[in-house]
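> Curious how this folds, go ahead:
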Amino acid sequence: MSKERTRNGPPRQSEGVRAFKRGLDVLQEVNRSGGIRAGDVARALDLPRPTVYRLLETLEELGYVARSASDDRFRVTRLALSLGDGYDPGVVICQAAAPYLAELSKTLVWPVDLSTYENAAMVVQETTHSRSPLSIDRGMIGKRLPMLRTSAGRAYLAACPARERDLIVSHLRRIDEADDRPFLDQDRLDQMIAETTARGYAIRSEGEYNPKTASIAVPIVRDDIVFGCISIIWIRSALSLDEAVAGFVAPLRETAAAISIES
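Model (predicted):
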């Protein structure tokens with residue numbers, strides 16, 4: 001029986017049913033958030049932390065959630081997504097990328113982001129900012145990055161099919177952000193796309209978007225589909241662009257290729 005009846009009252013849920021409901025509540029909160037730490041789940045559901053940790057460990061063992069290797073956030077897995085009719089490529093790419101980013105951060109030290117395209121911006125899905133001793137940014141998960149003024153956006157635009165690129169640029173023209181206007185000049189845009197395509201990676205090195213930092217990004221591509229981009233960010237005064245290209249491009253490309261196979 002799933003319920004026990006009190007002497008003078010309505011049926012009472014058994015401990016097993018309550019535990020099951022808590023597990024579903026935790027899974028739902030992880031799914032709703034897109035990526036969340038155990039302590040935040042506990043606060044959101046007003047549950048004891050040990051209970052939430054135990055439930056998340058169980059869900060992880062069963063394959064319904066996975067813990068990010070880069071920032072300890074939990075996300076739902078493909079198995080959990082298969083319970084409904086939704087498919088979130090951002091979730092899939094995060095699962096594939098997290099261990100590679102964690103390994104990359106050990107060798108490159110400077111922070112690395114994984115971002116995917118969403119509604120005229122690149123959205124950071126995974127990051128090593130919280131683990132990098134050289135990062136000057138925090139709270140990057142979910143941050144929206146402009147397409148024309150970041151290396152991730154430029155790498156995505158250069159790698160995606162021409163039809164998709166035209167649609168994105170048309171969307172950006174309709175939004176008409178003041179900071180984007182110089183980069184929407186057709187000749188300047190065409191030159192950026194051509195140079196980025198020829199190099200195979202994108203750069204941001206002239207103080208645009210964030211004057212203190214520079215970045216390099218490479219796309220994650222498989223079968224002509226761009227899944228997202230990997231970017232490395234450094235402080236401009238600490239490293240020249242030539243030094244960054246020499247030290248970072250090859251590892252970024254290798255990591256992007258490995259993630260594309262896993263995705």
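
> Could you list the buried residues of stretch 47-65?
L47, T51, V52, R54, L55, L56, L59, Y64, V65 (16 or more other Cβ atoms under 10 Å). In short, each C-beta sits where N, CA and C put it, glycine included.

> Mind checking which of those residues land in helices?
If you go by DSSP state H, these have T51, V52, R54, L55, L56, L59 in helices.

> For the fifth one, give me its contacts.
Listed by Cβ atoms under 8 Å, 6 or more residues apart in numbering, the contact set of L56 reads V26, V30, A38, V41, V65, R67, F74.

> Among those residues, name the ones in strands.
V65, R67, F74 (DSSP state E).

> can you redo the residues you listed as TSV with distance to A246 and pLDDT?
Shown next, in TSV, are the ones in strands among the contacts of L56 (distance: Cβ to Cβ, whole Å; pLDDT from 0 to 100):
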residue	distance to A246	pLDDT
V65	39	87
R67	34	86
F74	37	90
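
> now G63: how far from Q95?
G63 sits 11 Å away from Q95 when distances are taken as Cβ to Cβ, to the nearest Å.

> no, scratch that, I was asking about A217
20 Å.

> Looking at these two, which has the bigger crowd around it?
Neighbour totals were compared for A217 and Q95, and A217 leads with 31 against 18 (other Cβ atoms under 10 Å).

> Then that one would be within a strand, right?
Yes. A217 forms part of a strand when assessed by DSSP: H, G, I helix; E, B strand; the rest coil.

> Show the pLDDT at L148.
Predicted confidence (pLDDT) for L148: 97.

> residues near it, how many?
L148 has 22 neighbours, counted by other Cβ under 10 Å.

> Which single one of the ones in strands among the contacts of L56 is nearest to E103?
R67 (15.6 Å; Cβ to Cβ).

> Save the buried residues of stretch 47-65 as CSV, and put in distance to D242 too.
Formatted as CSV, the buried residues of stretch 47-65 follow (distance: Cβ to Cβ, whole Å):
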residue, distance to D242
L47, 52
T51, 53
V52, 48
R54, 51
L55, 50
L56, 45
L59, 47
Y64, 46
V65, 43
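
> now the helices: where do they sit in the stretch 1-150 of the chain?
15-33, 38-45, 49-62, 78-81, 89-108 (DSSP state H, counting those that start in this stretch).

> W234 is in contact with S151, correct?
No. Contact between S151 and W234 fails when scored by Cβ atoms under 8 Å: they sit 11.2 Å apart.

> which residues sit against stretch 172-187?
Identification of contacts with stretch 172-187 by Cβ under 8 Å, 6+ apart yields A120, P146, M147, L148, R149, V169, R188, L189, M192, E208.

> now the lengthiest helix in the chain: mean pLDDT?
When the chain is parsed with DSSP H, its longest helix is helix 241-262. Helix 241-262 shows a mean pLDDT of 93.
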